[in-house]
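Trainee: Here is a sequence together with a model predicted from it:
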Amino acid sequence: MSASSSPLNSASLQDELKRIEENTRTLLRVSTSRAKVGQTPKQVIWTFNKAKLYHYIPVVPAEKRHKIPLFLVFALMNKPYILDLRPGNSFIEYMVKQGYDVYLLDWGAPGIEDKDLKFDDYVLDYIPRAIRKLKAVSGSDEFTMLGWCIGAILSTIYAALRPNDGLKNLILLTAPLDFTDKKSGGFVRWVNDEAFDPDKIVSAFGNVPGEMIDYGAKALKPVENYIGSYLTLWDNLDNPRIVESWHAMNTWVTDLIPMAGATYAQLIKELYRENRLIQGTMVIRGERVDLSRIHANLLDVIALADHISPPCQSESIMTKVSSEDQLLLKVKGGHIGMMAGSGAMKFTWPHIDSWLAGRSE
Amino acid sequence: MSNESESESPNPLDPFGTMNTLWEANLKNWKSMRNTSLDSWSKTMIDTVNSDEYSLTTGQWLDTYLTLSQPFRRIIDLMMTQVLTGLNIPMRSDVTSLAERLTNIETRLDDQDAKLDDILNAIKAVSISKPTTPKPITNNSAKAKGAR
């Protein structure tokens, strides 16, 4: 490295040893501690069971702010702070700076008493109550709903069941909605196998452990997740930008929460296996979920390299809804990287903002 | 780093420098080989986990695990129930039922909150639709204020 710059090289050897020592310390720090995440200023404005609704403190003067509030619904597994990972790499921080009034629904971690919660409860109890509070606080009768992954399933079902509740814009991110292709990706294959019995899992565990869901996600790309990720860190230990980014992402990846047992069973049986949502046969508390009732402006964002929700699972919604104003946005990247990776702030976020800005007045 | 080593030729009398140059060259080759092999390994693994055979194997393995562990879980549950009852300590089912009752109370509270919001909104709407006309100040009211 810098060996030839010193005549005897003892100094460079010392430098090298110091570098190794520093790298080891960095490695220990990032692998044994939690990064500071979710730092955009916010306040809790509503709680219900384990769920919380956060309102992010606006930074743009009221007269310059968009009138329609933005309501974020994340997936039921993993924590929602991936949307607010760290300063400078936070979708929420970005949208707040663009003048949106941002609200985030955090589902919390279900306890064993919540094992019977189903999509029905999340869609018809939790979401409407959170929206009522959002409307009361924002003073707006209309809102934009952005759902990511399973949050997108919940948002879609809600939009179909309550199309006249003030939903103006619907944004779906990597939405697993159509399971017609039973060979598209590992998840669909695994859960469609006869030997895989979701009821048995639920009966054994109550709620499906976060570790089990995490294993499923990581096993789709085992080398990248179990080895590649750590090698990337090892190769870049003297690059603080990459190290801090890795630390924050690792904090999120290892911060697991269980999934309510009944919801899991419903997801596997009614969606992954029977494909009821896209076929229009899904029934939520006696109401059929008819996607053609969705008439809100629709932005469907899909990640081209998504191995968790392959693009074919998200595209067909466009032909099922009645929305006149709709856009299918294809983005480079994976399921998470699309929104939290280094390219997100250069491509995905500005595109969402440019689509939404004109529809938020 | 690489520019520096390219621009400066290594001193042949410097054993450390030669060692470092060799080390760096080897490291670079090793990294390149490692990345290539990881890529091919990754592709093989992705193909494997996306195969029907893998689905069948993991499904069967999970099913066997759940079936075999079920009797043990039952025994543990039974023993825990007996021990906790004997010690007069609430069981998981007690805590769960308490949590469910709390959730029910929370649901009621949230319903009340919604109704309260509706009432407040209705009052606001009425007050906006019927603007109150300012009352002229009469001598009586002035006296009453003075008396107070």
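Mentor: Perfect, I can see it now.
Trainee: is it true that A:Ile308 touches A:Leu173?
Mentor: No. Assessed by Cβ atoms under 8 Å, A:Ile308 is found out of contact with A:Leu173, at 11.8 Å. Yep, even glycine has a C-beta here, placed from its N, CA and C like the rest.
Trainee: out of these two, which sits in the busier spot?
Mentor: Relative neighbour count places A:Leu173 above the other of A:Ile308 and A:Leu173, with 31 against 19, counting by other Cβ atoms under 10 Å in any protein chain shown.
Trainee: Now A:His335: phi and psi?
Mentor: As for A:His335, its main-chain torsions (degrees, to the nearest 10) stand at phi -60, psi -40.
Trainee: And for it, nearest residue in space, chain neighbours not counted?
Mentor: Nearest residue to A:His335, sequence neighbours excluded (Cβ to Cβ, 6 or more residues apart in numbering or on different chains): A:Ile308, at 4.2 Å.
Trainee: helix/strand/coil for that neighbour?
Mentor: Secondary structure, DSSP: H, G, I helix; E, B strand; the rest coil: A:Ile308 is coil.
Trainee: That one: what's it in contact with?
Mentor: By Cβ atoms under 8 Å, 6 or more residues apart in numbering or on different chains, A:Ile308 lies in contact with A:Cys149, A:Thr174, A:Pro176, A:Gly185, A:Phe187, A:Ala217, A:Leu220, A:Gly334, A:His335.
Trainee: Pipe the residues you listed into JSON lines and attach neighbour count per row.
Mentor: Formatted as JSON lines, the contacts of A:Ile308 follow (neighbours: other Cβ atoms under 10 Å in any protein chain shown):
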{"residue": "A:Cys149", "neighbour count": "24"}
{"residue": "A:Thr174", "neighbour count": "29"}
{"residue": "A:Pro176", "neighbour count": "24"}
{"residue": "A:Gly185", "neighbour count": "21"}
{"residue": "A:Phe187", "neighbour count": "21"}
{"residue": "A:Ala217", "neighbour count": "18"}
{"residue": "A:Leu220", "neighbour count": "19"}
{"residue": "A:Gly334", "neighbour count": "19"}
{"residue": "A:His335", "neighbour count": "21"}
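Trainee: Between these, which has the least confident prediction?
Mentor: Lowest pLDDT among the contacts of A:Ile308: A:Gly185, with 79.
Trainee: Verify the contact between that one and B:Val49 for me.
Mentor: No. Using Cβ under 8 Å, A:Gly185 is not in contact with B:Val49; the gap is 9.9 Å.
Trainee: Please enumerate the shared neighbours of those two.
Mentor: By Cβ under 8 Å, 6+ apart, A:Gly185 and B:Val49 have these common neighbours: A:Leu220.
Trainee: re earlier: joint contacts of A:Ile308 and A:Leu173?
Mentor: By Cβ under 8 Å, 6+ apart, the residues touching both A:Ile308 and A:Leu173 are A:Cys149.
Trainee: Smallest gap between the stretch 101-250 of chain A and chain B, at which residue?
Mentor: Of all residues in the stretch 101-250 of chain A, the one sitting closest to chain B is A:Ala195 (3.2 Å; Cβ to the nearest Cβ).
Trainee: can you map out the helices along chain B?
Mentor: B:2-7, B:15-49, B:52-86, B:92-129, B:139-147 (DSSP state H).
Trainee: quick revisit: go through the contacts of A:Ile308 and flag which are in helices.
Mentor: A:Phe187, A:Ala217.
Trainee: and which of the contacts of A:Ile308 is nearest A:Thr348?
Mentor: A:Thr174 (10.7 Å; Cβ to Cβ).
Trainee: can I assume that closest one is in contact with A:Val301?
Mentor: Yes. Look at A:Thr174 against A:Val301 with Cβ under 8 Å: they come within range, at 7.1 Å.
Trainee: Identify the contacts common to the two.
Mentor: By Cβ under 8 Å, 6+ apart, the residues touching both A:Thr174 and A:Val301 are A:Met338.
Trainee: How far off centre is the longest helix belonging to chain A?
Mentor: Using DSSP H, we find that the single longest helix of chain A is helix A:10-32. Offset of helix A:10-32 from its chain centre (Cα atoms, centre = their mean, to the nearest Å): 35 Å.
Trainee: need the contacts of A:Ile308 in JSON lines with distance to B:Glu106, can you?
Mentor: Below are the contacts of A:Ile308 laid out as JSON lines (distance: Cβ to Cβ, whole Å):
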{"residue": "A:Cys149", "distance to B:Glu106": "27"}
{"residue": "A:Thr174", "distance to B:Glu106": "32"}
{"residue": "A:Pro176", "distance to B:Glu106": "30"}
{"residue": "A:Gly185", "distance to B:Glu106": "38"}
{"residue": "A:Phe187", "distance to B:Glu106": "34"}
{"residue": "A:Ala217", "distance to B:Glu106": "31"}
{"residue": "A:Leu220", "distance to B:Glu106": "37"}
{"residue": "A:Gly334", "distance to B:Glu106": "37"}
{"residue": "A:His335", "distance to B:Glu106": "33"}
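Trainee: Which residues of the stretch 251-361 of chain A lie near chain B?
Mentor: Within the stretch 251-361 of chain A, the positions near chain B by Cβ under 8 Å from any Cβ of the partner chain are A:His307.
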